[in-house]
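Q: give me a model of this one.
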Amino acid sequence: MSAPRTAPRLTAADADEPRGSVSAALAAAVLGFFVITLDALVVNVALPNVRNDLGGGMTGLQWVVDGYTLMFAALLLSAGSFSDRMGAHRAFGTGLIVFVASSAACGLAPNLSVLVAARLVQGAGAALMMPSSLTLIREAYPDPVKRGRAIAWWTISGSVAAAAGPVAGGALSLVSWRMIFFINLPVGVVALFLLARAARSPRRAMPFDRTGQISAVVAMGGLTFGVIEAGADGFGAPKVLIALAVAVVALAVFVAAQARGRHPMVPPDLFRSRNMLIASGSGFAFMAGLTGTVFVYSLYLQQERGLSSLATGLVFLPMTALSAFLGVPTARLTERFGPRVPIVGGLFLMGTSLTVLATLPASTPAWLLAIVMIPVGICGPLAMQPTTALLLESVTANRSGVASGVFNTSRQIGGALAVAVFGALLAHHTQLLHGLRESLVIAAVVVFCATAANLLLEPAPQPK
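A: As a prediction, this is how the structure comes out:
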C-alpha cells in the first residue's frame, strides 16, 4: 500500500476543523480502501459463474482479473502527483465516482468484452483513490499520534477486505456474480456522502511525466496481453509477438524518459538502494504467490472438484482471516529481532506452503488444502509489513512517496503476471490439476528467490 505523501502546511482554520469533518474524512478513506482491496480478490471465486453466463475461455477470465490490476499498477506511479495537483479531496471524489460508475457497468455488462473494459476503468479509479485516501488522513490528523491511529484503521479495513473477498465473492455468486460489483454502489454512495462533509484539500503545482506514464501503461499492457494470448495461441502467434515487441519498445521509452526527463516518475538513482530493489522484488514475489494461488484454486476447486462458489471462498478464509491478526505480533517481532527475521521467515513459509500444495494428490480434502494455504496468507503481515517499514527507512523523506509507489506497483505487476502466466498454463493442459501444479512450482521458485535475496538486506540508516 502506498505511504502517505507529504501534506501541505495546515492553516489555523484547518487546526480548528470540526471534529465531524475529521471523522468523515477518515470514514470515507477507510471505505474507499476497503472496496479497492475487496475488488482485487472478490472476483476470483466468481470466475466460473461469469464464464457460464457470458461465455469466453480462459483468456477472457484472465482479463477480468488483470484488467483491474493492470490499470491499478500502471497508474499508481503518477496518481500521487495527480492527487496533489487536484487536491486530495477532489482526487478521491473523482476516483470514487469513476470506481462506482464502472462497478455498475461491470454488474450490467452484457458480454465479456464490456466487463473487461469496465474492469480497466475500475482499476483507474482505484489507482486515483489509493494515494489520495492516505493524504485525506494526513490532512485531517496533523497530530502524529492521532494520525497513526487513523492509519491503523485504514490498514485494518484492507485486511478485513482481503479476508472477506473470497468468501463474499462465493456467497454473492450464489445469487448472481453481478452482485459482487453492485455491492460497491451503496458503499460508494456512503463514502461520497462522508466525503462531502470532510474539509476541502489545498492544491499544489506538481509536474507530470506524460511520456513516462503513457509508456508505462503501454509496456505493462503489451506484456500482459502477450502472455495471456500466448496461453491460447502460443508464443509464435503474430499478435503475441507484436504485443511483446511493443512492450519492449515501450519499456525502452520509459527507461529513457526516466533517465533524461526533467520530472521523472521514477528517478533512476532510487534504485541505487539495495533495499529498494530487494523490497520491490519481494513485493512482486508475494503478490505472485498470493494472487496466483487464489486464481488457480478458484477455478480448480469449482471446475474439477465440484465445490460451490461459497465453499471455495471458505477454503481461502483461514489464510486471509488469520493475516488480519498478525500486525501487532509482527511489529513486536521486528522490534526484537530486526526486519530480516520476519521477512525471510514469512517468505520461506510461503514458498514451503506453495511447494507442498504442488505435491498434494488430487484426493486431498478441501479442509486440508485450507490448512496448507495458511502460510501463503500470513506471509503478508510477516514479510510485507516490515518490508514496507524498512523500505521507507532506507530512502530520504522526500522520496518516500515515490518509493512506496514503486513498491506497490511491483506488487500489482506480480499479481497481474501471475494470473497471465498461470492462466496460460491452465489453458495449455487438458486437466487443470497439471497446470495448477506447474503454476505453484513457479510461484514457489519466485518466492524462494526473494527469500534468498532478503538475506542481503542492508541495515536501515540511523537518523542523525
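
Q: list the contacts for Val227?
A: Listed by C-beta atoms under 8 Å, 6 or more residues apart in numbering, the contact partners of Val227 are 417, 420-421, 424. C-beta: built from backbone N, CA, C; applies to glycine.

Q: how about the nearest residue to Phe295, chain neighbours excluded?
A: Val419 (5.1 Å; C-beta to C-beta, 6 or more residues apart in numbering).

Q: host element of the one you found?
A: Assessed by DSSP states H and E, Val419 sits inside helix 400-428.

Q: and that helix, what does it pack onto?
A: If you count contacts as 3 or more C-beta pairs under 8 Å, 6 or more residues apart in numbering; DSSP states H and E, helix 400-428 packs onto helix 58-86, helix 112-140, helix 210-233, helix 274-303, helix 385-393, helix 432-453.

Q: isn't the residue nearest to Phe295 up against Ala288?
A: No - applying C-beta atoms under 8 Å as the test, Val419 and Ala288 come out as separate, 9.2 Å apart.

Q: ChimeraX command for the buried members of the contacts of Val227?
A: The ChimeraX selection below is limited to those of the contacts of Val227 classed as buried (16 or more other C-beta atoms under 10 Å):
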select :417,420,421,424
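
Q: which parts of the stretch 251-400 of the chain are helices?
A: 274-303, 309-321, 327-337, 340-359, 366-372, 374-379, 385-393, 400-428 (DSSP state H, counting those that start in this stretch).

Q: what's the spacing between the fourth one and its chain's center?
A: Taking the mean of its C-alpha atoms, helix 340-359 sits 20 Å from the chain's own mean (C-alpha atoms, centre = their mean, to the nearest Å).

Q: quick one: buried residues of it?
A: Buried, per 16+ other C-beta under 10 Å, within helix 340-359: 340, 342-355, 357-358.

Q: who are the packing partners of that helix?
A: helix 274-303, helix 327-337, helix 366-372, helix 374-379, helix 385-393, helix 432-453.

Q: I'd say Ala126 and Leu96 touch.
A: No - the pair Ala126 and Leu96 does not pass the contact test of C-beta under 8 Å, sitting 9.6 Å apart.

Q: residue contacts, Ala162?
A: Contacts of Ala162 (C-beta under 8 Å, 6+ apart): 37-38, 41, 320, 323-324, 380.

Q: report the angle between the host helix or strand of it and helix 327-337.
A: Per DSSP H and E, Ala162 falls inside helix 144-175. Orientation check (axes from the mean of the first three to the mean of the last three C-alpha atoms, to 10 degrees): helix 144-175 against helix 327-337 gives 130 degrees.

Q: pLDDT of helix 144-175, averaged?
A: Throughout helix 144-175, pLDDT has a mean value of 76.

Q: is Pro142 in a helix, a strand, or coil?
A: coil (DSSP: H, G, I helix; E, B strand; the rest coil).

Q: what about it, how many residues nearby?
A: A count of nearby residues for Pro142, using other C-beta atoms under 10 Å, gives 14.

Q: repeat for Ile97
A: 14.

Q: please apply the same query to Ala230.
A: Neighbour count of Ala230, defined by other C-beta under 10 Å: 23.

Q: who are the contact partners of it?
A: 237, 240, 424.

Q: what do you get for Gly169?
A: By C-beta under 8 Å, 6+ apart, Gly169 lies in contact with 41-46, 180, 309, 313.

Q: could you point out where the stretch 101-250 of the chain is predicted with low confidence?
A: Within the stretch 101-250 of the chain, the ranges that satisfy pLDDT under 70 run 144-145, 147-148, 152, 199, 201-207, 231-233.

Q: let's go with 80 and repeat that
A: 131-160, 162-165, 198-210, 212-213, 224-225, 227-236 (pLDDT under 80).

Q: for stretch 263-281, list every residue counted as buried.
A: Buried, per 16+ other C-beta under 10 Å, within stretch 263-281: 264-267, 270, 273, 275-281.

Q: shouldn't Ala73 be in contact with Met220?
A: Yes - using C-beta under 8 Å, Ala73 is in contact with Met220, at 6.3 Å.

Q: can you say which helix or strand has Phe208 in it?
A: Phe208 belongs to no helix or strand when assigned by DSSP H and E.

Q: against Leu317, how distant is Leu357?
A: Distance from Leu357 to Leu317, counting by C-beta to C-beta, to the nearest Å: 16 Å.

Q: swap that for Leu185, please
A: Leu185 is 25 Å from Leu317, by C-beta to C-beta.

Q: out of the two, which sits in the more crowded spot?
A: Comparing Leu185 with Leu317 by other C-beta under 10 Å, the one with more neighbours is Leu317, at 17 against 14.

Q: check contacts around the more buried one.
A: 163, 166-167, 370.

Q: closest to Ser439 among the residues you listed?
A: Among these, Pro166 lies closest to Ser439 (C-beta to C-beta), at 17.6 Å.

Q: for that closest one, grab the count of nearby residues.
A: As a burial measure, Pro166 scores 28 neighbours (other C-beta under 10 Å).
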